[in-house]
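Chemist: Only the shape, not the letters, is given here:
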């Protein structure tokens, strides 16, 4: 049985709204038609996806599982359309993903010197989707931060980056010390996404319990006094917040930045971008070094 992508798109819209009427309006179809399409999808899959009663619409366990799987599948389909359309128009395009604080420009410039006919596009990625976006084709290559599930990927180490502690402006250590240690922060509540084993500390800190995703959300929670956090040093260059203070914490092992691509996605263009990223890794690393920016506008380029 082939999965009907149109029905799947309909399902995702209903699952996001949990309301058939509003979903039908968004899809510009009649509600009875949408209901029939969802019932047909449930018959195709042999599972009920929604419970419907006078209290409203809810996802079943099967529905929640399908919703989790549908996003990457639909995104992969979009990526296929994008690549085919680009090929048909005679334009070649490379989609490069990047984590917050990582500058793509040095490698893109080096790559474009060799491939002036290839357009380098960029897309921000997060830790919880960096592997999925590579595997489903939404991005061709990505600047990632470890840890990452390396199954099905080619991962090339580029450089390491030190950590900074992210403290509320009113924290007892904010502005008091030029550096802090892990011992200084013992017992602090941590704003952190993911398993405690991914924390950079030797001893995990208690999680504040907020499902943060990305630097912006982290800074907002820390600014509100809900805990402290840790970010790569480049965060202090590219992100600022009036109610947050960054303090270096040199006794934490630095974070590894890598370039990754799907192992199945082999092409000379991807290989050449990997080479460009390796040759410019030192420049990219220094783009996240505040001391280099203090030296002047072209200090990073001179340093390279």
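Modeler: In hand now; what should we look at? None of these values were measured; they are calculated from a predicted model. Numbering: from 1, shown residues only.
Chemist: Return the residues in contact with residue 164.
Modeler: 230-233, 235-236, 246-249 (Cβ atoms under 8 Å, 6 or more residues apart in numbering). To be clear about C-beta, it is placed using only N, CA and C from the backbone, and glycine gets the same treatment.
Chemist: Go again with 6 Å.
Modeler: Going by Cβ atoms under 6 Å, 6 or more residues apart in numbering, residue 164 touches 231, 233, 236, 246, 248.
Chemist: same deal with residue 108?
Modeler: residue 120.
Chemist: Which SSE is immediately downstream of the helix or strand harbouring it?
Modeler: Using DSSP states H and E, residue 108 maps to helix 105-114. Counting by DSSP H and E, the next helix or strand C-terminal to helix 105-114 is strand 118-124.
Chemist: Pull the residues that contact stretch 141-156.
Modeler: 96-99, 102, 125, 130-131, 134-135, 198, 255-261, 263, 270, 273-274.
Chemist: Now do the buried residues in that stretch.
Modeler: 141-145, 148, 153-156 (16 or more other Cβ atoms under 10 Å).
Chemist: okay, those residues in a markdown table with pLDDT next?
Modeler: Putting these into a markdown table (pLDDT from 0 to 100) gives the following:
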| residue | pLDDT |
| --- | --- |
| 141 | 97 |
| 142 | 97 |
| 143 | 98 |
| 144 | 97 |
| 145 | 95 |
| 148 | 93 |
| 153 | 92 |
| 154 | 95 |
| 155 | 97 |
| 156 | 97 |
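Chemist: In strands, which of these appear?
Modeler: Mapping the buried residues of stretch 141-156 onto strands (DSSP state E) picks out 141-145, 153-156.
Chemist: which of those residues lies closest to residue 280?
Modeler: residue 143 (11.4 Å; Cβ to Cβ).
Chemist: can you pull out the helices in the stretch 1-150 of the chain?
Modeler: For the stretch 1-150 of the chain, the helices defined by DSSP state H, counting those that start in this stretch cover 5-17, 20-27, 31-45, 61-88, 105-114, 130-135.
Chemist: any idea of the angle the third one forms with helix 61-88?
Modeler: Between helix 31-45 and helix 61-88, the angle formed by their directions is 100 degrees, by axes from the mean of the first three to the mean of the last three Cα atoms, to 10 degrees.
Chemist: list the buried ones in helix 31-45?
Modeler: Counting neighbours by 16+ other Cβ under 10 Å, helix 31-45 gives 34-35, 37-38, 41-42, 45 as buried.
Chemist: where does the stretch 1-150 of the chain dip in pLDDT?
Modeler: 1 (pLDDT under 70).
Chemist: please redo it, this time with the cut-off set to 80
Modeler: 1-2, 71-72, 75-91 (pLDDT under 80).
Chemist: quick revisit: what would the ones in strands among the buried residues of stretch 141-156 look like in JSON lines with distance to residue 177?
Modeler: As requested, those are exported to JSON lines (distance: Cβ to Cβ, whole Å):
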{"residue": "141", "distance to residue 177": "39"}
{"residue": "142", "distance to residue 177": "35"}
{"residue": "143", "distance to residue 177": "31"}
{"residue": "144", "distance to residue 177": "32"}
{"residue": "145", "distance to residue 177": "26"}
{"residue": "153", "distance to residue 177": "39"}
{"residue": "154", "distance to residue 177": "41"}
{"residue": "155", "distance to residue 177": "36"}
{"residue": "156", "distance to residue 177": "36"}
